[in-house]
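Colleague: kindly generate the corresponding structure for this input.
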Amino acid sequence: MTRPATPPHRRKPGPGKGSKDKITVRHKPPKTASGTQPKRSRKKPAKTTRARSRQNANRGDRMLKLSQSIRAPWQRMRKLRRRPWLLIVLSMLIAIAIGFGAPQLVLSVQSWRSDLPRTDEVQQLLEQPTLHLEVTADGSTPETCVCFLPVEASDVPNHLKDALLAAEDRRFKTHRGIDLIGIMRAVRANLADTGVVQGGSTITQQLAKSLVGNDRSGSRKLRELVLAKRIEAGIDKTEILRLYLDRAFFGRGATGIEAAARAFFAKPARDLTLFEAAALVGRLPAPSGPSTAESLEDDAREVLERMIAAEVITQAEADAALAEGPQPGQLKPLSIDIRHYEAWVGRVLHRNGIRGTVQVSLAVNPRHQMAAQDVIADAIAQDQLDSTQEVALGAIAPDGRVTALVGGRAYGVSQFDRASLARRQPGSTVKPFTFLGALEQGWTPEQMIDDAPVQIDAWQPRNHDLRYMGELTLTDALKHSRNAATIRLAQDVGADKVADLFERFGLPMDRERPAFLLGAETTRLLDLANAYASLAAGGRRVASTGILGVLDPTGNVLMRAAPSPQDRIADPDAVAALTTMLHDAARGDGLAGKSGTSQKNRDAWFAGFSDEATAAVWVGRDDASPMPGTFGGGVSAQIWRNFLKTIGPPAESRAEVSQIP
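Modeller: Numbering: from 1, shown residues only. A predicted model of the protein is given here:
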């Protein structure tokens, strides 16, 4: 009987001609004499040459596939060059994602709460110098400072603005911080070149970058975009341009357009010609590069060509600018030395527990700081200070900002800060606060007080000239700084009430030692300046500070300056009357202030205010040795007066202070 054939689909595959399958016949090993089978050997058989070749071939295949997977994205990018329309669509999608979707997506999905500066505080942080420093448990070390002399928007020439926009951000006037067209253009150029050859950041983004850092991480870019939006929301376009020019680095140690104009062309920014403006703008991409006459001309030529392309100048105007070349002036480069200020801020941060690398928005006013440096340098040059005498100056704005701080005549010689660290006797500079106590109790400036010998227990204060003037008005008693009259006035008012007033103004006092009424207790210069700043504020407390904000390297706000409390600490009518008396004591010029000289002429002071600022000046020796012939009304008063007259107009009569609610 014939067996039926197995259907093809049920047949088991077997070796045949051309088949790659092999038949494996497993032979059982022979049994041993004991009837058991021998144990299998665990030793692997040696590979044949053919097996090794096959293994190497497989390894080569895997490496080829890996390299192809790595090269595939770049090959696809290069293929996009043959399809411009696809490249444009891709660029648009990326631009839209970056401009609109990415920030909101990350913020919502990851629930990330940004600690970046608020919209209402961005301008304050950007318009002030920024100090980068490292704060450790052992102290602080300043690293770099973006310190610049700001310019007014009206002092920026139109051709400088045109040059900047043509070279850096042609659509600045129309975009809202993020230029989608610029991003698309940059993406297309970079994909076509398979590398980064062009950036898409706007001027607003570059301004934001100065606060959030320069690392190339995605999170940093995201923070830059968020902050750029806040800048555009809180600051108008004209101010954004000014802030960018103030903070930009141009080379030759010049930060800011004003410093750059003086460093390169010895003139103020408002006087820059078209050629000079184009040359400075051309340095922005590579400020550390060569700054020879030839390189400046090359930079100017490139920017002028972009201005022609942007249709803001003609070819004839560009040719005329190149033919004219630079027209240098005669101004010296700017010199702003804030090293004592930096060290003081570092100590404040250390005391407040801040640690790590931080960036600090400083309250310093570069114009005030330069004025302080200049008037002290003039006093030294005119031999008003001998080689053994040191000097310190501190200035406070009406809102509490410490706008200038000089801790000594030369930081390179002595780093000790005599403005914020040294404690010295303030002498008669504290007397006005005793008179304020009397005015608060109803005394008037024209009321009489007896300048005659007075005694408290065993202490009998004397006048500096060892004479007594008898009956005189409160105004004259303060003007001539009569010790005996001041003590008698304090007795009439009540020493404890005067001590309370000293305490409210932050002045040193010891109720057990009435000599504090004449400035025998030591104080720091900044503390004395702060007390006078509260007088200038009409009797409201002023909390002075050198710090407007502290940010970490990525732009997170770590600390904000507490607003000055401005609570009432003295009667405004009494402060107004005292201010009128201080005008007389300062002897004209519309300034209000008082001199002070400590025992044996060890310290010479002058403190007071104008509408622009409050300032205190100290002159003395570090070893506290006497300075015969040196008084607070001498060189200290001259430095104080010159400083306040330099920084702004003198104060008018402050009788209207009484109207402050």
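Colleague: are we agreed that residue 231 is in a helix?
Modeller: Yes - the assignment for residue 231, made by DSSP: H, G, I helix; E, B strand; the rest coil, places it in a helix.
Colleague: may I ask you to confirm that it is in contact with residue 122?
Modeller: Yes - between residue 231 and residue 122 there is a contact under CB atoms under 8 Å: 5.5 Å. The way it works is simple: take the backbone N, C-alpha and C, and place the C-beta from them, glycine included.
Colleague: report how many residues lie close to residue 370.
Modeller: The tally of other residues near residue 370 (other CB atoms under 10 Å) stands at 19.
Colleague: for it, which non-adjacent residue is closest in space?
Modeller: In this structure, residue 370 finds its nearest non-sequential neighbour in residue 336, 5.8 Å apart by CB to CB, 6 or more residues apart in numbering.
Colleague: okay, and residue 499 sits in which element?
Modeller: Residue 499 belongs to helix 495-504 when assigned by DSSP states H and E.
Colleague: go on, residue 329?
Modeller: Judged by DSSP H and E, residue 329 forms part of no helix or strand.
Colleague: I'd guessed it sits against residue 269; true?
Modeller: No - counting by CB under 8 Å, residue 329 sits too far from residue 269 to count as a contact (11.2 Å).
Colleague: with neighbour numbers in mind, choose between those two.
Modeller: residue 269 (25 against 12).
Colleague: pretty sure the more buried one is touching residue 152, no?
Modeller: No - using CB under 8 Å as the test, residue 269 is too far from residue 152 to be in contact (9.5 Å).
Colleague: picking that back up, overlap in contacts of residue 231 and residue 122?
Modeller: With CB atoms under 8 Å, 6 or more residues apart in numbering applied, the contact sets of residue 231 and residue 122 do not overlap.
Colleague: elements contacting the helix holding residue 499?
Modeller: helix 431-440 (3 or more CB pairs under 8 Å, 6 or more residues apart in numbering; DSSP states H and E).
Colleague: avg pLDDT for the following helix or strand past the helix it packs on?
Modeller: Per DSSP H and E, helix 431-440 leads on to strand 448-451 as the next helix or strand towards the C-terminus. Mean per-residue pLDDT for strand 448-451: 96.
Colleague: so which bits of strand 448-451 are buried?
Modeller: Using 16 or more other CB atoms under 10 Å as the test for burial, strand 448-451 gives 449, 450, 451.
Colleague: ok, residue 560 - how many residues close by?
Modeller: Count around residue 560 with other CB under 10 Å applied: 16.
Colleague: and it, what does it touch?
Modeller: Counted by CB under 8 Å, 6+ apart, residue 560 has contacts 121, 548, 549, 550.
Colleague: show me the shaky parts of this structure.
Modeller: By pLDDT under 70, the low-scoring segments of the chain are 1-114, 182-183, 185-200, 563-565, 649-661.
Colleague: and if we set it to 50?
Modeller: Residue ranges of the chain with pLDDT under 50: 1-4, 6, 8-27, 41-43, 70, 74, 105-113, 196-198, 650-661.
Colleague: what residue lies at the spatial centre of it?
Modeller: residue 130 (1.7 Å; CA atoms, centre = their mean).
Colleague: grab the nearest non-local neighbour of it.
Modeller: Counting by CB to CB, 6+ apart, the residue nearest residue 130 is residue 146, at 4.4 Å.
Colleague: and the one you found, how many residues sit next to it?
Modeller: With other CB under 10 Å as criterion, residue 146 counts 20.
Colleague: tell me the contacts of it?
Modeller: Contacts of residue 146 (CB under 8 Å, 6+ apart): 129, 130, 131, 132, 210, 247, 255.
Colleague: how about the strands of this structure, start to end?
Modeller: 130-136, 139-146, 249-251, 254-255, 356-362, 390-396, 402-406, 448-451, 470-473, 547-551, 557-560, 592-597, 603-609, 614-620 (DSSP state E).
Colleague: just say which of these is most tucked in.
Modeller: strand 614-620 (a mean of 30; mean count of other CB atoms under 10 Å).
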